[in-house]
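Enquirer: no FASTA, just this:
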């Protein structure tokens, strides 16, 4: 609508100015054939030269550039694909190696642990044997000591009591009677001590 | 004189008068802008041919326009139109650059002259017709006889088809020429209003002028595209006869 109004407006004004000035300029210069031949000549010359130079020198270069770019991009994509496949393969190999080593390490660890456990067991068993031996020895010794100590204690008691009696009275007393008393006493003590 | 909106389309001689066999082929402002456009295309696209994998800005521009036009041709005319790629590329670029250089104030728009666009269109028309006859021989005349039309209507349809085929160069050339001329005239008219209405009322036409400049840049691109794509469609008719 607006376009139509503008167009009518322009057409009207064109008619006005045209009628006002047609007297001096003589209408459309396009219809003046004075320079038609010249225009045709120069058009053919310039457009012909333009066409020849473009088609012979410039356009082949541009199409060449476009094609080389296309092929290069395709090539690059191909090599990129290849390299990606290779890396995927390598990654798989790498994963496999890591898995294998993990399994190996586990096995190694397990066997070593078993060995160590066996070793520890053996050592413990031998140690226990040694300890039992030692205990038996010690018990024997203790038993012996118990036996011998009784006699010694009575001996010492007899001696000390004879000494005491000697110092108290100043006379030696028959040893056999003393020992009889001491033995009697000590027996009573022992019974008391052992709770018999 | 300068207030006349048609004055901008005047062609005048630059330099001496050149005559061959009494035919005037003097260098004019139109010739100047044809040369400037062609040189600009050649310089830009020559800069865009550097061999680098990652393109710089100009190379990207060149390669994008290359693939743009290549896609346009293969979409409209199929793969058979490959050999005509460089012609359509040059055509599109030439029309586009002529239109765009015309957008610079005080410059000259080559494509706003019917003779220029008509020569281009006539060349395309004749070329396409020759290609059609070479590819299909006299079978190319089947183009005027659409299949599946009742016999009664056939004479009428054939006449209409022939007229529409023959009017192709005219419609192609007049479309571009009229668009460029109308746009530039309109801009000139609005520019004249800015001056005549002065500082008080001139702001509105100035705003219109600014908006029209944007529109005209769009039209400059669009008309070049339309010119190129119609060439492709005509070429498609000649290459793949499917009536």
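Expert: Looks like it arrived, so ask away. Predicted model only: the values in this text are computed from it and were never measured.
Enquirer: so what does the longest helix anywhere in chain B touch, helix or strand wise?
Expert: Using DSSP state H, we find that the single longest helix of chain B is helix B:203-239. Packing partners of helix B:203-239 (3 or more C-beta pairs under 8 Å, 6 or more residues apart in numbering or on different chains; DSSP states H and E): helix B:57-77, helix B:85-102, helix B:114-136, helix B:168-201. Where you see a C-beta, it was placed from the backbone N, CA and C, and this is true even at glycine.
Enquirer: Comparing the ones you listed, which comes out most buried?
Expert: Ranked by mean neighbour count, those are led by helix B:85-102 with a mean of 23 (mean count of other C-beta atoms under 10 Å in any protein chain shown).
Enquirer: and it, what other elements does it pack with?
Expert: Using 3+ C-beta pairs under 8 Å, 6+ apart, helix B:85-102 sits against helix A:36-53, helix A:59-169, helix B:29-47, helix B:57-77, helix B:114-136, helix B:168-201, helix B:203-239.
Enquirer: The first one relative to helix A:59-169, how many degrees between them?
Expert: Angle, helix A:36-53 to helix A:59-169, by axes from the mean of the first three to the mean of the last three C-alpha atoms, to 10 degrees: 40 degrees.
Enquirer: Taking their axis directions, helix A:36-53 and helix B:85-102 sit at what angle?
Expert: Between helix A:36-53 and helix B:85-102, the angle comes out at 130 degrees (the same axes, to 10 degrees).
Enquirer: what comes into contact with helix A:36-53?
Expert: B:11, B:23-28, B:30-31, B:34-35, B:37-38, B:41-42, B:86-87, B:90, B:93-94, B:110, B:113, B:115-116, B:119-120 (C-beta atoms under 8 Å, 6 or more residues apart in numbering or on different chains).
Enquirer: same thing with the third one?
Expert: The contact list for helix B:29-47, computed with C-beta under 8 Å, 6+ apart, reads A:35, A:38-39, A:42-43, A:46-47, A:49-50, A:53-54, A:57-59, A:62, B:11-12, B:14, B:58-59, B:61-62, B:90, B:93-94, B:97-98, B:101-102, B:107-110, B:113, B:116.
Enquirer: quick one, it and helix B:114-136 angle?
Expert: Going by the same axes, to 10 degrees, helix B:29-47 makes 50 degrees with helix B:114-136.
Enquirer: residue contacts, the residue most central in space within chain A?
Expert: By C-alpha atoms, centre = their mean, chain A has its centre lying nearest to residue A:98, at 12.5 Å. Residues near residue A:98 by C-beta under 8 Å, 6+ apart: none.
Enquirer: now swap in residue A:29 and tell me
Expert: Applying C-beta under 8 Å, 6+ apart, the residues near residue A:29 are B:6, B:7, B:9, B:10, B:11.
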